[in-house]
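Kindly return the folded structure for what I paste below:
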Amino acid sequence: MKIVLITGANKSIGFETAKQLLEQGYYVYLGCRDMEKGQQAVKQLQAWGLDRVEPLLIDVDNLASIQAARTKVKALDVLINNAGISGGMPKSSTETEIGVYREVFETNFFGVVEVTQAFIDLLKQSAEPRIVNVTSGLGSLTCQSDPNYVHYKVKPVTYVASKAALNAYTIVLAYELRDTAFKVNAVDPCYTATDFNNHSGPGTVQDAAARVVKAAMMGPDGATGQFFSDDNAPETGISPW
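Here you go, the predicted model:
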């Protein structure tokens, strides 16, 4: 049985990702910042007959929390760095307070790095280790520079910058692990109706989670070091960086 850790998994896309992987026979550590909410999410999954799951307290903004979570996990095959924040809709790039930049980067970038570093030793013991970094199509520098891009005018600066940094980290991590069994990819769940965007997106959490699950279950012949986004590249599914 393969084991997966999903950060930010007590609701929305993370929760649905947990559900779909449980249905595929995975054991799920459901990462949450609030244990009560995590336990409620687990109870819901168990009510559906999905019982190979347990809540794991992990705040990606807090290194001590990450380290404490690491001591509770003894084996791991898949790490899904899903936790993220939008930072709201800040002012322009010249007026947004630096504290907002730091807050968004702490979760969307530094948190991913610290979680990955904390669990990489367990992943290296897996026969088929997978790392999925949940990103955004808005993090594509190529698309953001193209006036014909469908979301060209959508530029929440702190969010865009943090996801671009996450994409860069994905590239380097995949390169460093290129001669191993690792598959390391960035996945855009696409514009999905969630609390994250006041349910303004047209996509469903089921479809969004399916994109993440596909990368998590990548076979040995699958791609690594890719940026998957159906929004940015509907024909190929592979977005430009």
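
rest of the way, CA atoms for contacts and neighbours
OK.

taking the mean pLDDT, what do you get for stretch 212-226?
If you average the pLDDT over stretch 212-226, you get 98.

now do the same end-to-end measure for that stretch.
13 Å (CA to CA, to the nearest Å).

Need the residues that contact that stretch.
With contacts defined as CA atoms under 8 Å, 6 or more residues apart in numbering, stretch 212-226 is touched by 17, 20-21, 78, 80, 128, 130-132, 134, 170-171, 173-175, 178, 181-189, 238-239.

can you give me the strands for the protein?
In the chain, the strands defined using DSSP state E lie at 3-6, 27-32, 53-57, 78-81, 130-134, 183-187, 227-228.

Dump the ones you listed to TSV, plus distance to residue 144.
What follows is those, written out as TSV (distance: least, CA to CA, whole Å):
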stretch	distance to residue 144
strand 3-6	28
strand 27-32	31
strand 53-57	35
strand 78-81	23
strand 130-134	18
strand 183-187	17
strand 227-228	15
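
Derive a PyMOL selection command for the buried subset of the contacts of stretch 212-226.
In PyMOL syntax, the buried subset of these is picked out as below (16 or more other CA atoms under 10 Å):
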select buried, resi 17+20+21+78+80+128+130+131+132+134+170+171+173+174+181+182+183+184+185+186+187+188+189+238+239
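
related to what we said a few turns ago, of the strands of the chain, which approaches residue 91 most closely?
strand 130-134 (24.6 Å; CA to CA).

got the angle between the closest one and strand 183-187?
Counting by axes from the mean of the first three to the mean of the last three CA atoms, to 10 degrees, strand 130-134 lies at 20 degrees to strand 183-187.

Specify which residues of this protein, grouped into ranges, have pLDDT under the cut-off.
Residues of the chain meeting the criterion pLDDT under 70: 192-202.

what's the longest helix in it?
Longest helix of the chain, by residue count under DSSP state H: helix 157-176.

for the closest residue to residue 60 other than its chain neighbours, what are its contacts?
Using CA to CA, 6 or more residues apart in numbering and skipping the chain neighbours, the partner closest in space to residue 60 is residue 111 (4.7 Å). By CA under 8 Å, 6+ apart, residue 111 lies in contact with 60-62, 105.

what does residue 15 give?
Contact partners of residue 15, counting by CA under 8 Å, 6+ apart, are 9, 30, 41.

now swap in residue 233 and tell me
residue 239.

What of the one 4 residues further on?
Contact analysis of residue 237 by CA under 8 Å, 6+ apart lists 228-231.

nearest to residue 123, of the contacts of residue 15?
So of these, ranked by how close each gets to residue 123 (CA to CA), first place is residue 30, at 16.8 Å.

Neighbours of the residue nearest to the closest one when sequence neighbours are not counted, how many?
The shortest distance from residue 30 to any non-neighbouring residue, by CA to CA, 6+ apart, is to residue 55 (4.7 Å). As a burial measure, residue 55 scores 24 neighbours (other CA atoms under 10 Å).
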